[in-house]
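Student: Show me the folded form of this:
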Amino acid sequence: QKMAELLGLRDKCGEGSSGAPVLLAGNRLNLDVYPDGCLRFLQLFEGQRQDKVVQVEFLRLSGNDPHLDATLGILPHLRHLKSLVLKGGHARDEFGCCQHGSLTNLPTDVGNLQCLTHLDLSFNSLSALPSCILHLPSLRVLMVSHNSLVALPKDFGSLSKLTFFSAMKNQLKDLPQSIGELAELRELNLSENALEFLPEEIGNLHNCTELDLSGNRLSSIPDSLANLKSLQQLHLHSNLLVTVPAALASLPSLSRLDLQSNCLRSVPPEIQSSPFVHLRGNPLGEAEPTPQAGEPSARELQRLFLASGEDSFTVTCEGCRVVLACGIHLYFPPGAASNPLQICFRTLVPDPRWVKLRHHDVLLSRVLELQPHGVKFQQEVHVWMPYVSPQTLHQREVVVRTFSGQSWSDLRTQVEQRRRSKKHMAHCSVLHFSWFLVVSRLVQNECRVPTEGTLLFSSVDPNIRVTFPPGVTAEMRRVTLQVLPVCAEEIVEITADAGCRASPLLCLSQDSPEDFLQPVRIQLPLPPGVTGLNLDRSRLHLLHSNPESQTWDDITSQVVLEFTHLYAVFEVTHFSWYWLWYTTKTYIGGIAKKVYERLRMYQVNFIALQRKKDPEQVLLQCVPKHKVDPVLKKLRDRYRGPEPSDMVEMFEGEQFFAAFERGISIDMDRPDCVDGRLSFVFYSHLKNMKEIYVTSPVDRKGQAVKGQVSFYRGAVPESIPEDASRRRKGPDSLWLATLPIKLPRLKTHSEENPAPLNGSSFPPLNLGNPETGYLTQANLLSIARRVGADWQSIGLNLGLTYQQVERIAYNNRDDLDKQILGMFFSWAQQNMEDPNCVNKLITAVKESGRQDIADEIETIIELGRQKYRESIRRVGLEQDSSTEDSAL
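Tutor: Model (predicted):
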């Protein structure tokens, strides 16, 4: 609605038959912004507005709309339709990722739309191109990216007027020979598919100016590409190329040849010396690596290096090695896949609602999802996941944990450190794909207990032993032992009692619900400073608990305790958690409960900093206390702000919120915004940081706005002690900290001077000139709302360098909206004085496959021209000019 008001496209007739306003403006109908857009379309067509609907030339509907199927039958009635957009991706799943639309086909009669020139079916579920498309005689732009197409029709070349075709991120394995018949084609995007070879006929696309074949499985390209005399940009990065034709360097119009991340060990001198060729990520000049025993040579084993933004690749029976942009390595041995298989992957922000951590677990990585889930490989696939190294390794161990859809389980894991990068990697092997993450857990010792009995001891503290006598069980059982060492200084600090001491906490579990048939003998070391010579038995207490009860019971009188000079020994028939305490306190169970709760907490501080060059860009972070100074030292050059908050305590995986108050607000449409507050989840070894843009509804031209950001507790992990949850009930107990935020006074109109555009705080923006029409700041913001994941392509086509685009993506990696705005305003800052900048923007958007946005920009500009002409006429009338020419 806001965009419609900006563009002046709001239907003056007001409402549809349902009484709800719609975007029906002349020949345009934009309904993809409504969750029930298709239903509104049906109501319009079946109601009193049918005469206007059938005149529509530009129609946008959402592929995620549940009423889409019922709407498709109306499309053949729109005889004047020129542009049809049925894109998916408007809805998000529980992980915040875009969901594909439900569209799988189009009615046959759609082929009768004689005027249709622009068709966008991206982000849907098409497995084959609808046959009716081949009968559209006027079609010039076709976009079917982000679908599941495996092939194009043999007579695809019948679309003789096609000038733009994008099928990126599908599953195309080959191309029809008829593709060479697309004589008018100017731009062809087939990136991120599974193409292994190209037909020679592709060299007949003599009008093609840009060809994108990146992210496929091409090992070679045909020499006929050298016939594309109009070609300006050729993208071949992230393939398996081992050679390229030298004739490519002689293409007269070529300004960019991207060969990055291939398998090129040598290239023709003509290409290597060309200034427009990009070769980074190739093993140029390297010798063939020597294979390890049992492994195929590098010539036999394919190697894939996936760039940022790629999310799939194909594995064949030959196997391959894959390196993802996020640093994850995969190894598919030969024979692991019996048939070609497309592998999809994504990394997810851990959500505590389904990432369930156990007591004393520490999360060390994001969640990796590998698909397909239901496929079993013939051989184990090896996975290496980078992780944040925990501070203490001698008392903990790193494991990869996988999710079956119902529960999490630990995999056998090897820890490695890369020699060059010094990165820590967790290595595991699996037969099935699922979700994976890396955690640090208490060292786990386990054994199988036979009927003959056995001995189990802790590798953390060998003095802790569990002895199973003969006849202890009738069937084999698996027993697990974990030990939590407790620092004596921590006990004294928490209890405020110098005489209070405790042994390491022993955690025992088994895979059988039955008690043991014979008593199991357990040996624990006496608390620090206590020996058999100075032991006062009245002060020694053996406590028992389990994770579910959240209570500690004194069972000293229920067991027979034996003592040596250094150890306490007792016998039990069932397993639980055991803790030996030495104190004069009477209610020892309550003290142990308090201490155990504090041992699971982290002391943290909150920071809120504003970027020096743009105070409206605010960085929020929750930092463990020992990391505050190093973090502030890194940020000091670019940010300023108040001192960190006072120390508070939080659990691993605890949710908290940030609320901007007292005249400062944020975009409520953010996916991480809940009831006007930003949602965070605290993980001690991950970056609990977000960088956002804030605004103020208060007029800042007169004075600065002195607001604040407050942090509040949210949902806590289910396994925290009951007392901790009880203490956090009520609005006051939810508050954690408050830090000031100050937005400076804006300059008045007389004070304003041209200044760099930074984020969303910049002087009024006018791109273009009065005669051709202006593009204002509000226009640019409304356009940005529709760009989505295509912003990087648009930025490159606008002339931004790869480094600039990567920097924008990295600096705003948690916020897609900020990435889009950063790209637009970085470009605007460099082109404000260029009178042709608006035309450049339109061209760049078209080159990126977004004809719909290009149409909107052209409409905005045309409205601007009309307003300018009207204003000139009015001026002429006031001056009593007799003709329009004199006014002009």
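
Student: so where's the stretch 551-700 of the chain uncertain?
Tutor: Applying pLDDT under 70 to the stretch 551-700 of the chain flags residues 669, 698-700.

Student: residue ranges of the helices in it, please?
Tutor: Along the stretch 551-700 of the chain, the stretches classed as helices by DSSP state H, counting those that start in this stretch are 588-599, 628-635.

Student: any idea how far V479 is from Q444?
Tutor: Using Cβ to Cβ, to the nearest Å, one gets 11 Å for the distance from Q444 to V479. Placement of C-beta: from N, CA and C, glycine included.

Student: Same check on K742?
Tutor: 59 Å.

Student: Between those two, which is the more surrounded one?
Tutor: Taking other Cβ atoms under 10 Å, K742 and V479 do not tie; V479 has more neighbours (22 against 15).

Student: In three-state terms, label that one for me.
Tutor: strand (DSSP: H, G, I helix; E, B strand; the rest coil).

Student: Let me know the pLDDT of the closest residue to it other than its chain neighbours.
Tutor: Closest residue to V479 apart from its sequence neighbours, by Cβ to Cβ, 6 or more residues apart in numbering: Q510 at 4.9 Å. Per-residue pLDDT puts Q510 at 90.

Student: Domains in this protein, by residue range?
Tutor: 23-127, 149-284, 303-442, 444-586, 602-717+733-743, 777-875 (the TED database).

Student: now those domains in JSON lines, with distance to I133?
Tutor: As requested, the domains of the chain are exported to JSON lines (distance: least, Cβ to Cβ, whole Å):
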{"stretch": "domain 23-127", "distance to I133": "7"}
{"stretch": "domain 149-284", "distance to I133": "8"}
{"stretch": "domain 303-442", "distance to I133": "24"}
{"stretch": "domain 444-586", "distance to I133": "58"}
{"stretch": "domain 602-717+733-743", "distance to I133": "33"}
{"stretch": "domain 777-875", "distance to I133": "16"}
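
Student: Out of the ones you listed, which is closest to A592?
Tutor: Closest to A592 of the domains of the chain is domain 444-586 (Cβ to Cβ; 4.2 Å).

Student: Tell me who's in contact with D223.
Tutor: G203, P245, A247 (Cβ atoms under 8 Å, 6 or more residues apart in numbering).

Student: can you tell me how far it sits from A246?
Tutor: 10 Å.

Student: S389 reaches K422, doesn't it?
Tutor: No. Using Cβ atoms under 8 Å as the test, S389 is too far from K422 to be in contact (9.6 Å).

Student: Could you check which of these two is surrounded by more residues?
Tutor: Using other Cβ under 10 Å, the more surrounded residue of S389 and K422 is S389, with 15 against 8.

Student: Kindly tell me how buried the closest residue to that one other than its chain neighbours is, as a neighbour count.
Tutor: Nearest non-adjacent residue to S389, counting by Cβ to Cβ, 6+ apart: H424, 4.5 Å away. By other Cβ under 10 Å, the residues close to H424 number 19.

Student: In contact with H424, which residues are there?
Tutor: P386, Y387, V388, S389, V398, V415, E416, Q417.

Student: picking up where we left off before, looking at the helices of the stretch 551-700 of the chain, which is buried most?
Tutor: Mean neighbour count (mean count of other Cβ atoms under 10 Å) peaks for helix 588-599 among those, with a mean of 19.

Student: what's in contact with that helix?
Tutor: For helix 588-599, using Cβ under 8 Å, 6+ apart, the contacting residues are 484, 486, 490-491, 494-495, 500, 502, 505, 541, 543, 545, 550-554, 579, 581, 583, 585, 649, 720-721, 723-724.

Student: Now find how far off-centre it is within its chain.
Tutor: Chain-centre distance of helix 588-599: 39 Å, with Cα atoms, centre = their mean, to the nearest Å.

Student: do the same with stretch 559-567
Tutor: Relative to the chain's own centre, stretch 559-567 is displaced by 55 Å; criterion: Cα atoms, centre = their mean.

Student: Repeat that for stretch 325-344.
Tutor: 21 Å.

Student: Report the buried residues of that stretch.
Tutor: Applying a neighbour-count criterion of 16 or more other Cβ atoms under 10 Å, one finds I328, H329, L330, Y331, F332, P333, P334, A336, A337, L341, Q342, I343 buried in stretch 325-344.

Student: ok, which pair from those is furthest apart?
Tutor: Maximum pairwise distance among the buried residues of stretch 325-344 (Cβ to Cβ): 20.9 Å, between I328 and P334.

Student: which outside residues touch the strand or helix carrying I343?
Tutor: Assigned by DSSP states H and E, I343 belongs to strand 341-348. Contact with strand 341-348 is made by 95-97, 171, 194, 311-316, 322, 324, 326, 328, 330, 366-372, 375, 433, 435, as judged by Cβ under 8 Å, 6+ apart.

Student: redo that, cut-off 7 Å
Tutor: 95, 97, 171, 194, 311-315, 324, 326, 366-371, 375 (Cβ atoms under 7 Å, 6 or more residues apart in numbering).

Student: Need the CA coordinates for that strand. PDB is fine.
Tutor: The C-alpha coordinates for strand 341-348 follow below in PDB (Å, rounded to 0.1, in the frame of the first residue of the first chain):
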ATOM      1  CA  LEU A 341      22.200 -37.300  -7.100                       C
ATOM      2  CA  GLN A 342      21.700 -33.600  -6.500                       C
ATOM      3  CA  ILE A 343      22.800 -32.600  -3.000                       C
ATOM      4  CA  CYS A 344      21.300 -29.400  -1.400                       C
ATOM      5  CA  PHE A 345      22.600 -27.800   1.700                       C
ATOM      6  CA  ARG A 346      22.000 -24.700   3.900                       C
ATOM      7  CA  THR A 347      23.300 -23.400   7.200                       C
ATOM      8  CA  LEU A 348      20.700 -22.400   9.800                       C
END
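
Student: Given it, what are its sheet partners and their directions?
Tutor: If you go by DSSP bridges, strand 341-348 pairs up with strand 312-315 (antiparallel), strand 367-371 (antiparallel).

Student: average pLDDT across it?
Tutor: 89.

Student: before we move on, what about stretch 804-815?
Tutor: Stretch 804-815 comes out at a mean pLDDT of 76.

Student: centre of the chain versus that stretch, how much separation?
Tutor: 12 Å.

Student: One more: stretch 594-608?
Tutor: In terms of Cα atoms, centre = their mean, the centre of stretch 594-608 is found 28 Å from the chain centre.

Student: Could you number the chain from 41 rather than 1 from now on?
Tutor: Happy to do that; since the first residue is 41 now, the last one works out to stretch 634-648.

Student: Can you give me the first-to-last residue distance of it?
Tutor: Stretch 634-648 has its terminal residues 31 Å apart, counting by Cα to Cα, to the nearest Å.

Student: and what of stretch 182-200?
Tutor: OK, stretch 182-200 end separation, Cα to Cα: 12 Å.

Student: ok, residues contacting that stretch?
Tutor: Against stretch 182-200 from outside (Cβ under 7 Å, 6+ apart): 140, 159-169, 173-174, 179, 202, 205-216, 218-224, 889.

Student: For PyMOL, write the selection for the buried entries among those.
Tutor: Restricted to buried positions by 16+ other Cβ under 10 Å, the PyMOL selection for those reads:
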select buried, resi 140+159+160+161+162+163+164+166+169+173+179+202+205+206+207+208+209+210+211+212+213+215+216+218+219+220+221+222+889
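
Student: contacts for stretch 675-687?
Tutor: By Cβ under 7 Å, 6+ apart, stretch 675-687 touches 643, 645-652, 659, 665, 668, 777, 779-780.

Student: Can you show me the CA trace of that stretch as PDB?
Tutor: Taking Å, rounded to 0.1, in the frame of the first residue of the first chain, the C-alpha atoms of stretch 675-687 are listed here in PDB:
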ATOM      1  CA  LEU A 675      34.900  -2.300  17.300                       C
ATOM      2  CA  ARG A 676      36.400   1.000  18.700                       C
ATOM      3  CA  ASP A 677      37.600   2.300  15.400                       C
ATOM      4  CA  ARG A 678      34.200   2.200  13.700                       C
ATOM      5  CA  TYR A 679      31.700   2.500  16.600                       C
ATOM      6  CA  ARG A 680      31.000   4.600  19.600                       C
ATOM      7  CA  GLY A 681      28.600   4.200  22.500                       C
ATOM      8  CA  PRO A 682      28.100   3.800  26.200                       C
ATOM      9  CA  GLU A 683      30.000   1.500  28.500                       C
ATOM     10  CA  PRO A 684      28.800  -2.100  28.600                       C
ATOM     11  CA  SER A 685      25.900  -3.000  30.900                       C
ATOM     12  CA  ASP A 686      26.300  -4.400  34.300                       C
ATOM     13  CA  MET A 687      27.000  -8.200  34.500                       C
END
